[in-house]
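[1] sequence and predicted model, in that order:
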Amino acid sequence: MISKRGTQFSVEPLFMKIYGEKVFSNPFDPEKNFSGCINLGSAETRFPADMLEEQFMKLRMKNPSFPDSYGYSNFAGIKNLQIELANLFSNFIAKTPSHHCVKGPESRVKFLENSFVVTNGAGTAIETLCSSLCDDGEYVIIPSPMYHGFANDIEKRFSVKVLPFPLTRHKDASYSIDFDALEDLYNKYPKNKIRAFMHCNPHNPTGLIFSSQTTERLIHWCIEKKVHLISDEIYAQSTFNMKESNPFVSTWRICQDIENKVASTNANDLKLALIKSEYRNYVHLVYSFSKDFGLNGFRVGLVYTENKDLLKALNACSYFTSASTDVQYLLYGMLSDHQFVEKLFTINQARANNMYKKVLPILQKHNISVLDPEGGTFIWVNILGALKLDSTKLLDPSWIKQKEMEIWYKCFDEGVCILPSLLFQEQPNGWFRICFTPLEEKYVIEGVNRIIRALFPLSPSL
(Lines give C-alpha, C1' and ligand atoms only; values in the text may rest on other atoms or scores of the structure.)
Protein backbone atom coordinates (compact mmCIF):
# COMPACT_ATOMS: atom_id res chain seq x y z
CA MET A 1 0.00 0.00 0.00
CA ILE A 2 1.14 3.55 -0.71
CA SER A 3 -0.13 6.87 0.56
CA LYS A 4 -3.06 8.79 -0.92
CA ARG A 5 -0.51 11.27 -2.18
CA GLY A 6 1.47 8.47 -3.82
CA THR A 7 -1.70 7.15 -5.43
CA GLN A 8 -2.39 10.64 -6.76
CA PHE A 9 1.16 10.84 -8.15
CA SER A 10 0.67 7.54 -9.97
CA VAL A 11 -2.13 8.90 -12.16
CA GLU A 12 -0.59 9.76 -15.52
CA PRO A 13 -1.89 12.76 -17.48
CA LEU A 14 -3.65 11.69 -20.67
CA PHE A 15 -0.90 13.05 -22.92
CA MET A 16 1.83 11.12 -21.05
CA LYS A 17 -0.24 7.93 -21.09
CA ILE A 18 -0.86 8.19 -24.83
CA TYR A 19 2.77 9.03 -25.54
CA GLY A 20 3.86 5.93 -23.66
CA GLU A 21 1.38 3.69 -25.49
CA LYS A 22 1.60 5.11 -29.00
CA VAL A 23 4.87 7.00 -29.45
CA PHE A 24 7.65 5.80 -27.18
CA SER A 25 6.67 2.13 -27.53
CA ASN A 26 7.05 2.32 -31.34
CA PRO A 27 9.38 5.22 -32.19
CA PHE A 28 10.12 6.16 -35.77
CA ASP A 29 13.61 5.36 -37.02
CA PRO A 30 14.44 6.09 -40.67
CA GLU A 31 16.65 2.99 -40.93
CA LYS A 32 15.41 0.50 -38.34
CA ASN A 33 11.69 1.30 -37.99
CA PHE A 34 10.40 3.48 -40.82
CA SER A 35 6.80 2.49 -40.07
CA GLY A 36 7.17 3.61 -36.46
CA CYS A 37 5.36 6.63 -35.07
CA ILE A 38 6.68 9.99 -36.30
CA ASN A 39 6.34 12.32 -33.34
CA LEU A 40 4.94 15.65 -34.52
CA GLY A 41 3.31 16.08 -31.12
CA SER A 42 6.34 17.04 -29.02
CA ALA A 43 7.59 20.63 -29.27
CA GLU A 44 11.20 19.81 -30.05
CA THR A 45 13.58 21.21 -32.63
CA ARG A 46 16.49 19.39 -34.23
CA PHE A 47 17.45 22.26 -36.51
CA PRO A 48 20.44 23.47 -34.44
CA ALA A 49 21.73 19.94 -33.73
CA ASP A 50 24.58 20.09 -36.25
CA MET A 51 25.86 23.42 -34.92
CA LEU A 52 25.53 22.33 -31.31
CA GLU A 53 27.33 19.03 -31.93
CA GLU A 54 30.31 20.87 -33.44
CA GLN A 55 30.37 23.48 -30.68
CA PHE A 56 30.12 20.95 -27.86
CA MET A 57 32.84 18.81 -29.44
CA LYS A 58 35.17 21.81 -29.43
CA LEU A 59 34.34 22.50 -25.80
CA ARG A 60 34.89 18.89 -24.78
CA MET A 61 38.22 18.73 -26.62
CA LYS A 62 39.32 21.86 -24.80
CA ASN A 63 37.98 20.58 -21.46
CA PRO A 64 37.21 16.82 -21.64
CA SER A 65 35.65 17.23 -18.23
CA PHE A 66 35.20 20.18 -15.94
CA PRO A 67 36.94 19.31 -12.63
CA ASP A 68 34.70 21.71 -10.70
CA SER A 69 31.69 19.67 -11.80
CA TYR A 70 32.80 16.61 -9.81
CA GLY A 71 31.68 18.05 -6.50
CA TYR A 72 28.76 20.03 -5.13
CA SER A 73 28.21 23.54 -6.38
CA ASN A 74 25.65 26.27 -5.81
CA PHE A 75 22.41 24.35 -6.33
CA ALA A 76 20.75 27.49 -7.73
CA GLY A 77 23.28 27.63 -10.57
CA ILE A 78 27.03 27.94 -11.05
CA LYS A 79 28.29 31.51 -11.05
CA ASN A 80 29.78 31.41 -14.55
CA LEU A 81 26.48 30.28 -16.03
CA GLN A 82 24.51 32.94 -14.14
CA ILE A 83 26.83 35.61 -15.57
CA GLU A 84 26.30 34.32 -19.11
CA LEU A 85 22.54 34.05 -18.55
CA ALA A 86 22.50 37.76 -17.75
CA ASN A 87 24.30 38.38 -21.07
CA LEU A 88 21.94 36.05 -22.95
CA PHE A 89 18.89 37.87 -21.67
CA SER A 90 20.35 41.34 -22.22
CA ASN A 91 21.67 40.62 -25.72
CA PHE A 92 18.90 38.43 -27.08
CA ILE A 93 15.83 37.55 -25.01
CA ALA A 94 15.06 41.13 -23.97
CA LYS A 95 16.82 43.00 -26.75
CA THR A 96 15.18 46.01 -28.35
CA PRO A 97 13.24 44.62 -31.36
CA SER A 98 14.68 47.22 -33.74
CA HIS A 99 18.24 46.49 -32.64
CA HIS A 100 20.43 43.52 -33.40
CA CYS A 101 22.44 41.82 -30.68
CA VAL A 102 24.81 44.15 -28.77
CA LYS A 103 24.35 47.79 -29.74
CA GLY A 104 25.64 49.61 -26.71
CA PRO A 105 24.38 50.18 -23.18
CA GLU A 106 21.34 52.21 -24.24
CA SER A 107 19.76 49.17 -25.97
CA ARG A 108 20.46 46.66 -23.21
CA VAL A 109 18.14 45.65 -20.42
CA LYS A 110 20.03 44.96 -17.22
CA PHE A 111 19.68 41.57 -15.54
CA LEU A 112 21.13 40.71 -12.14
CA GLU A 113 23.14 37.48 -12.32
CA ASN A 114 22.22 36.48 -8.75
CA SER A 115 18.52 36.71 -9.63
CA PHE A 116 18.72 33.66 -11.92
CA VAL A 117 17.80 30.32 -10.36
CA VAL A 118 18.76 27.38 -12.58
CA THR A 119 16.49 24.32 -12.42
CA ASN A 120 16.27 20.88 -14.02
CA GLY A 121 13.82 21.98 -16.70
CA ALA A 122 11.15 24.63 -17.17
CA GLY A 123 8.48 22.33 -15.69
CA THR A 124 10.39 22.25 -12.40
CA ALA A 125 10.85 26.03 -12.58
CA ILE A 126 7.10 26.52 -12.98
CA GLU A 127 6.20 24.03 -10.25
CA THR A 128 8.60 25.58 -7.70
CA LEU A 129 7.61 29.11 -8.67
CA CYS A 130 3.86 28.51 -8.40
CA SER A 131 4.11 26.52 -5.17
CA SER A 132 6.17 29.35 -3.66
CA LEU A 133 3.63 31.99 -4.71
CA CYS A 134 0.42 30.06 -3.95
CA ASP A 135 -0.97 28.27 -0.91
CA ASP A 136 -3.19 25.18 -1.10
CA GLY A 137 -6.35 25.80 -3.10
CA GLU A 138 -5.16 29.09 -4.62
CA TYR A 139 -5.22 29.69 -8.36
CA VAL A 140 -2.98 30.46 -11.29
CA ILE A 141 -4.91 31.92 -14.24
CA ILE A 142 -3.74 30.55 -17.59
CA PRO A 143 -5.28 31.63 -20.90
CA SER A 144 -6.65 28.75 -22.93
CA PRO A 145 -5.89 27.07 -25.21
CA MET A 146 -2.82 26.44 -23.08
CA TYR A 147 0.26 24.22 -23.18
CA HIS A 148 -0.96 20.77 -22.12
CA GLY A 149 1.80 20.34 -19.53
CA PHE A 150 0.98 23.39 -17.40
CA ALA A 151 -1.67 21.62 -15.32
CA ASN A 152 0.71 18.74 -14.64
CA ASP A 153 3.54 21.15 -13.71
CA ILE A 154 1.39 23.18 -11.32
CA GLU A 155 -1.15 20.74 -9.83
CA LYS A 156 0.61 17.38 -9.70
CA ARG A 157 2.54 17.53 -6.43
CA PHE A 158 1.10 20.61 -4.71
CA SER A 159 -2.48 21.70 -4.13
CA VAL A 160 -2.21 24.73 -6.39
CA LYS A 161 -4.99 25.00 -8.99
CA VAL A 162 -4.99 26.03 -12.63
CA LEU A 163 -7.84 28.36 -13.60
CA PRO A 164 -8.34 28.33 -17.39
CA PHE A 165 -9.26 31.67 -18.92
CA PRO A 166 -10.58 31.31 -22.49
CA LEU A 167 -8.95 33.66 -24.96
CA THR A 168 -11.36 35.47 -27.25
CA ARG A 169 -11.45 33.89 -30.69
CA HIS A 170 -12.02 36.05 -33.76
CA LYS A 171 -13.42 35.28 -37.21
CA ASP A 172 -9.91 34.93 -38.66
CA ALA A 173 -9.27 32.25 -35.95
CA SER A 174 -6.78 34.49 -34.10
CA TYR A 175 -7.00 35.03 -30.35
CA SER A 176 -6.78 37.96 -27.95
CA ILE A 177 -7.19 38.72 -24.25
CA ASP A 178 -10.56 40.23 -23.34
CA PHE A 179 -9.73 42.28 -20.24
CA ASP A 180 -13.40 42.76 -19.35
CA ALA A 181 -13.84 38.98 -19.30
CA LEU A 182 -10.64 38.68 -17.25
CA GLU A 183 -12.02 41.16 -14.73
CA ASP A 184 -15.28 39.21 -14.53
CA LEU A 185 -13.39 35.97 -13.90
CA TYR A 186 -11.29 37.58 -11.18
CA ASN A 187 -14.37 38.95 -9.40
CA LYS A 188 -15.98 35.51 -9.22
CA TYR A 189 -13.41 34.33 -6.69
CA PRO A 190 -12.71 35.43 -3.10
CA LYS A 191 -10.13 38.16 -2.63
CA ASN A 192 -6.52 36.90 -2.72
CA LYS A 193 -7.63 33.48 -4.02
CA ILE A 194 -6.10 34.20 -7.43
CA ARG A 195 -2.37 34.54 -6.87
CA ALA A 196 -0.75 34.42 -10.31
CA PHE A 197 -1.28 34.77 -14.05
CA MET A 198 0.74 32.71 -16.56
CA HIS A 199 1.60 34.70 -19.70
CA CYS A 200 2.98 32.35 -22.38
CA ASN A 201 4.50 34.52 -25.11
CA PRO A 202 5.09 33.45 -27.87
CA HIS A 203 2.00 31.41 -27.24
CA ASN A 204 1.76 27.63 -27.10
CA PRO A 205 -0.17 26.09 -28.91
CA THR A 206 -1.27 28.85 -31.30
CA GLY A 207 2.14 30.30 -32.20
CA LEU A 208 0.79 33.83 -31.79
CA ILE A 209 2.74 36.72 -30.29
CA PHE A 210 0.92 38.99 -27.85
CA SER A 211 1.56 42.64 -28.64
CA SER A 212 3.65 44.78 -26.31
CA GLN A 213 0.51 46.87 -25.70
CA THR A 214 -1.37 43.77 -24.52
CA THR A 215 1.52 42.72 -22.30
CA GLU A 216 1.83 46.20 -20.79
CA ARG A 217 -1.88 46.23 -20.01
CA LEU A 218 -1.56 42.77 -18.46
CA ILE A 219 1.39 43.89 -16.31
CA HIS A 220 -0.66 46.77 -14.95
CA TRP A 221 -3.73 44.59 -14.36
CA CYS A 222 -1.69 42.06 -12.39
CA ILE A 223 0.17 44.61 -10.27
CA GLU A 224 -3.04 46.52 -9.55
CA LYS A 225 -4.65 43.27 -8.33
CA LYS A 226 -1.45 42.14 -6.52
CA VAL A 227 -1.40 39.09 -8.76
CA HIS A 228 2.02 37.73 -9.74
CA LEU A 229 2.73 37.73 -13.48
CA ILE A 230 4.72 34.69 -14.62
CA SER A 231 6.06 35.38 -18.10
CA ASP A 232 6.92 32.13 -19.89
CA GLU A 233 9.30 33.23 -22.66
CA ILE A 234 10.60 29.81 -23.57
CA TYR A 235 10.11 30.51 -27.32
CA ALA A 236 11.58 34.03 -27.26
CA GLN A 237 14.11 33.27 -30.02
CA SER A 238 11.98 30.68 -31.82
CA THR A 239 10.23 33.33 -33.87
CA PHE A 240 9.61 33.07 -37.61
CA ASN A 241 7.15 34.51 -40.09
CA MET A 242 6.97 37.38 -37.58
CA LYS A 243 5.18 40.60 -38.50
CA GLU A 244 7.37 43.71 -38.28
CA SER A 245 4.43 45.54 -36.75
CA ASN A 246 4.16 42.98 -33.94
CA PRO A 247 7.57 41.69 -32.83
CA PHE A 248 8.10 39.65 -29.69
CA VAL A 249 9.01 41.93 -26.76
CA SER A 250 10.05 40.47 -23.43
CA THR A 251 7.90 41.39 -20.44
CA TRP A 252 11.03 42.53 -18.57
CA ARG A 253 11.99 44.76 -21.49
CA ILE A 254 8.57 46.42 -21.33
CA CYS A 255 8.88 46.94 -17.57
CA GLN A 256 12.32 48.52 -17.81
CA ASP A 257 11.29 50.71 -20.74
CA ILE A 258 8.43 52.00 -18.60
CA GLU A 259 10.79 52.58 -15.67
CA ASN A 260 13.18 54.53 -17.89
CA LYS A 261 10.35 56.54 -19.42
CA VAL A 262 8.93 57.56 -16.03
CA ALA A 263 12.39 58.41 -14.71
CA SER A 264 13.44 60.47 -17.73
CA THR A 265 10.22 62.39 -18.38
CA ASN A 266 8.69 62.60 -14.91
CA ALA A 267 5.54 61.34 -16.62
CA ASN A 268 2.48 61.91 -14.47
CA ASP A 269 0.85 58.62 -15.46
CA LEU A 270 -0.41 56.67 -12.47
CA LYS A 271 -0.51 53.36 -14.33
CA LEU A 272 3.08 53.65 -15.48
CA ALA A 273 4.18 54.85 -12.06
CA LEU A 274 2.58 51.81 -10.45
CA ILE A 275 4.39 49.47 -12.82
CA LYS A 276 7.70 51.25 -12.19
CA SER A 277 7.36 50.95 -8.43
CA GLU A 278 6.16 47.33 -8.21
CA TYR A 279 7.19 45.24 -11.21
CA ARG A 280 10.31 43.86 -9.51
CA ASN A 281 8.06 42.30 -6.88
CA TYR A 282 5.34 40.96 -9.19
CA VAL A 283 6.91 40.05 -12.54
CA HIS A 284 8.91 36.82 -12.93
CA LEU A 285 10.39 35.15 -16.02
CA VAL A 286 10.61 31.46 -16.93
CA TYR A 287 12.97 30.17 -19.61
CA SER A 288 14.61 26.92 -20.75
CA PHE A 289 17.24 25.64 -23.15
CA SER A 290 14.75 23.15 -24.60
CA LYS A 291 13.20 25.22 -27.39
CA ASP A 292 15.43 28.04 -28.68
CA PHE A 293 18.50 25.81 -28.35
CA GLY A 294 16.88 22.42 -29.06
CA LEU A 295 18.32 20.93 -25.87
CA ASN A 296 15.26 19.24 -24.33
CA GLY A 297 17.38 16.36 -23.10
CA PHE A 298 19.73 18.62 -21.12
CA ARG A 299 16.87 19.37 -18.70
CA VAL A 300 17.90 22.93 -17.83
CA GLY A 301 15.41 25.71 -17.13
CA LEU A 302 15.42 28.82 -15.00
CA VAL A 303 13.47 31.45 -13.11
CA TYR A 304 14.42 35.11 -13.11
CA THR A 305 13.01 37.22 -10.30
CA GLU A 306 14.08 40.27 -8.32
CA ASN A 307 11.52 39.61 -5.58
CA LYS A 308 13.82 39.05 -2.60
CA ASP A 309 11.41 36.84 -0.62
CA LEU A 310 10.63 34.68 -3.64
CA LEU A 311 14.31 34.44 -4.56
CA LYS A 312 15.07 33.29 -1.02
CA ALA A 313 12.42 30.54 -1.31
CA LEU A 314 13.66 29.37 -4.71
CA ASN A 315 17.27 29.27 -3.53
CA ALA A 316 16.27 27.29 -0.44
CA CYS A 317 14.42 24.75 -2.62
CA SER A 318 17.24 24.49 -5.18
CA TYR A 319 18.62 21.40 -3.43
CA PHE A 320 15.63 19.55 -4.94
CA THR A 321 15.57 21.30 -8.31
CA SER A 322 19.21 21.73 -9.36
CA ALA A 323 20.51 20.87 -12.82
CA SER A 324 23.63 18.82 -13.58
CA THR A 325 26.76 20.85 -12.84
CA ASP A 326 28.60 19.30 -15.79
CA VAL A 327 25.80 20.33 -18.15
CA GLN A 328 25.84 23.83 -16.67
CA TYR A 329 29.56 24.17 -17.41
CA LEU A 330 28.93 23.01 -20.98
CA LEU A 331 26.17 25.60 -21.40
CA TYR A 332 28.40 28.28 -19.90
CA GLY A 333 31.06 27.44 -22.48
CA MET A 334 28.52 27.69 -25.31
CA LEU A 335 26.92 30.93 -24.09
CA SER A 336 30.27 32.65 -23.58
CA ASP A 337 30.72 32.55 -27.37
CA HIS A 338 28.24 35.35 -28.12
CA GLN A 339 28.85 35.22 -31.88
CA PHE A 340 27.97 31.53 -31.93
CA VAL A 341 24.72 32.16 -30.05
CA GLU A 342 23.75 34.92 -32.46
CA LYS A 343 24.51 32.67 -35.45
CA LEU A 344 22.59 29.76 -33.95
CA PHE A 345 19.46 31.84 -33.39
CA THR A 346 19.64 33.39 -36.88
CA ILE A 347 20.07 30.05 -38.67
CA ASN A 348 17.50 28.30 -36.48
CA GLN A 349 14.87 30.95 -37.29
CA ALA A 350 15.63 30.75 -41.02
CA ARG A 351 15.35 26.95 -40.98
CA ALA A 352 12.04 27.11 -39.10
CA ASN A 353 10.66 29.63 -41.58
CA ASN A 354 11.77 27.45 -44.51
CA MET A 355 10.22 24.32 -42.96
CA TYR A 356 6.94 26.15 -42.34
CA LYS A 357 6.83 27.15 -46.00
CA LYS A 358 7.32 23.50 -47.01
CA VAL A 359 4.56 22.17 -44.74
CA LEU A 360 1.96 24.89 -45.37
CA PRO A 361 1.15 24.06 -49.05
CA ILE A 362 0.54 20.39 -48.23
CA LEU A 363 -2.08 21.33 -45.64
CA GLN A 364 -3.62 24.06 -47.81
CA LYS A 365 -3.99 21.69 -50.77
CA HIS A 366 -6.39 19.67 -48.63
CA ASN A 367 -8.27 22.74 -47.34
CA ILE A 368 -6.81 22.47 -43.85
CA SER A 369 -6.89 25.97 -42.38
CA VAL A 370 -3.76 27.13 -40.56
CA LEU A 371 -3.56 29.92 -37.99
CA ASP A 372 -0.67 32.00 -39.33
CA PRO A 373 2.02 31.55 -36.65
CA GLU A 374 4.72 33.97 -35.54
CA GLY A 375 6.69 31.89 -33.05
CA GLY A 376 7.11 28.49 -31.47
CA THR A 377 7.89 25.17 -33.15
CA PHE A 378 4.35 24.29 -34.19
CA ILE A 379 1.26 25.30 -36.15
CA TRP A 380 -2.39 25.32 -35.03
CA VAL A 381 -4.56 23.75 -37.73
CA ASN A 382 -8.29 23.17 -38.29
CA ILE A 383 -8.48 19.53 -39.30
CA LEU A 384 -12.15 18.95 -38.52
CA GLY A 385 -13.11 21.92 -40.69
CA ALA A 386 -11.44 20.30 -43.71
CA LEU A 387 -13.58 17.18 -43.52
CA LYS A 388 -16.97 16.99 -45.20
CA LEU A 389 -19.13 16.56 -42.12
CA ASP A 390 -22.68 17.37 -41.10
CA SER A 391 -22.44 21.07 -40.19
CA THR A 392 -25.17 20.73 -37.55
CA LYS A 393 -22.92 18.30 -35.66
CA LEU A 394 -20.26 20.99 -35.33
CA LEU A 395 -22.45 22.69 -32.72
CA ASP A 396 -22.27 19.69 -30.41
CA PRO A 397 -19.10 19.76 -28.20
CA SER A 398 -19.43 16.11 -27.17
CA TRP A 399 -19.63 15.04 -30.82
CA ILE A 400 -16.60 17.19 -31.69
CA LYS A 401 -14.65 15.65 -28.83
CA GLN A 402 -15.49 12.19 -30.11
CA LYS A 403 -14.39 13.12 -33.65
CA GLU A 404 -11.14 14.62 -32.33
CA MET A 405 -10.36 11.35 -30.58
CA GLU A 406 -11.17 9.39 -33.76
CA ILE A 407 -8.89 11.62 -35.85
CA TRP A 408 -6.15 11.38 -33.23
CA TYR A 409 -6.22 7.59 -33.26
CA LYS A 410 -6.45 7.41 -37.05
CA CYS A 411 -3.22 9.42 -37.17
CA PHE A 412 -1.62 7.01 -34.72
CA ASP A 413 -2.73 4.09 -36.88
CA GLU A 414 -1.06 5.77 -39.86
CA GLY A 415 2.14 6.23 -37.84
CA VAL A 416 2.13 9.89 -36.82
CA CYS A 417 1.42 11.77 -33.58
CA ILE A 418 -0.27 15.18 -33.41
CA LEU A 419 -2.23 16.70 -30.52
CA PRO A 420 -5.97 17.64 -30.42
CA SER A 421 -7.49 20.79 -28.91
CA LEU A 422 -9.06 18.81 -26.06
CA LEU A 423 -5.56 18.44 -24.53
CA PHE A 424 -5.07 22.20 -24.44
CA GLN A 425 -7.83 23.03 -21.94
CA GLU A 426 -10.04 24.37 -24.71
CA GLN A 427 -13.54 23.25 -25.58
CA PRO A 428 -12.95 20.70 -28.37
CA ASN A 429 -13.21 22.46 -31.70
CA GLY A 430 -11.42 20.23 -34.20
CA TRP A 431 -8.11 22.11 -34.12
CA PHE A 432 -4.82 20.25 -33.68
CA ARG A 433 -1.23 21.23 -32.95
CA ILE A 434 1.39 19.98 -35.40
CA CYS A 435 5.08 20.40 -34.56
CA PHE A 436 7.21 20.83 -37.67
CA THR A 437 10.75 21.04 -36.30
CA PRO A 438 11.53 17.74 -34.49
CA LEU A 439 13.12 15.85 -37.42
CA GLU A 440 14.97 16.31 -40.68
CA GLU A 441 12.89 18.01 -43.37
CA LYS A 442 12.10 14.85 -45.37
CA TYR A 443 10.84 13.04 -42.28
CA VAL A 444 8.67 15.97 -41.20
CA ILE A 445 7.17 15.96 -44.70
CA GLU A 446 6.62 12.21 -44.39
CA GLY A 447 4.83 12.82 -41.09
CA VAL A 448 2.56 15.46 -42.62
CA ASN A 449 1.77 13.13 -45.53
CA ARG A 450 0.82 10.44 -43.01
CA ILE A 451 -1.66 12.92 -41.49
CA ILE A 452 -3.15 13.47 -44.95
CA ARG A 453 -3.40 9.72 -45.57
CA ALA A 454 -5.13 9.27 -42.21
CA LEU A 455 -7.70 11.95 -43.05
CA PHE A 456 -8.09 11.27 -46.77
CA PRO A 457 -7.13 7.61 -47.34
CA LEU A 458 -7.16 7.88 -51.14
CA SER A 459 -4.97 10.98 -51.29
CA PRO A 460 -1.50 10.43 -52.81
CA SER A 461 1.57 11.62 -50.89
CA LEU A 462 3.03 14.90 -52.03
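    Arrived safely.
[2] and the residue lying closest to C417 once chain neighbours are set aside, how far is that from E155?
    Leaving aside its chain neighbours, C417 sits nearest to G41 (4.0 Å; criterion: CB to CB, 6 or more residues apart in numbering). For every residue, glycine as well, the C-beta is placed using N, CA and C. Computed as CB to CB, to the nearest Å, the G41 to E155 distance reads 21 Å.
[3] the more surrounded of these two?
    For G41 versus E155, neighbours defined as other CB atoms under 10 Å are more numerous around G41 (29 against 17).
[4] that one is in contact with I418, isn't it?
    Yes - counting by CB atoms under 8 Å, G41 does reach I418; the two are 5.6 Å apart.
[5] what sits against L419?
    F15, G41, H148, P205, W408, F432, R433 (CB atoms under 8 Å, 6 or more residues apart in numbering).
[6] tell me which of the residues you listed fall in helices.
    F15, W408 (DSSP state H).
[7] among the contacts of L419, give me the pair with the biggest separation.
    P205 and W408 (14.4 Å; CB to CB).
[8] who's more crowded, these two?
    P205 (28 against 22).
[9] thought the more buried one was touching P145?
    Yes - assessed by CB under 8 Å, P205 is found in contact with P145 at 5.6 Å.
[10] joint contacts of those two?
    Joint contacts of P205 and P145 (CB under 8 Å, 6+ apart) are W380, F424.
[11] for the stretch 101-250 of the chain, which spans come out with low pLDDT?
    Scanning the stretch 101-250 of the chain for pLDDT under 70 picks out 101-107, 242.
[12] all the helices of it, in order from the start?
    Shown for the stretch 101-250 of the chain, the helices assigned by DSSP state H, counting those that start in this stretch span residues 122-133, 150-155, 179-187, 212-225.
[13] can you tell me which of those helices comes nearest to E404?
    Taking CB to CB, helix 150-155 is the member of the helices of the stretch 101-250 of the chain nearest to E404, at 18.2 Å.
[14] my guess is R253 contacts V109, does it?
    Yes - using CB under 8 Å as the test, R253 is close enough to V109 to be in contact (5.3 Å).
[15] what touches both of the two?
    By CB under 8 Å, 6+ apart, R253 and V109 have these common neighbours: A94, K95.
[16] and the residue lying closest to L14 once chain neighbours are set aside, its phi and psi?
    Spatial nearest neighbour of L14, chain neighbours left out: L423 (6.7 Å); criterion: CB to CB, 6+ apart. Dihedral pair for L423: phi -80, psi -10, per degrees, to the nearest 10.
[17] tell me how many other residues crowd L423.
    By other CB under 10 Å, 23 other residues sit near L423.
[18] please name the residues that touch it.
    Contacts for L423 were tallied using CB under 8 Å, 6+ apart; they are L14, F15, H148.
[19] and E278, what does it touch?
    I223.
[20] what sits against Y189?
    Y139, L163.
[21] so it versus K261, what's the distance?
    Using CB to CB, Y189 is found at 33 Å from K261.
[22] contact partners for V140?
    V140 makes contact with 130, 134, 154, 160-163, 194-198, 230 under the criterion CB under 8 Å, 6+ apart.
[23] ok, which pair from the residues you listed is furthest apart?
    Largest pairwise distance in the contacts of V140, by CB to CB, is 14.6 Å, between K161 and I230.
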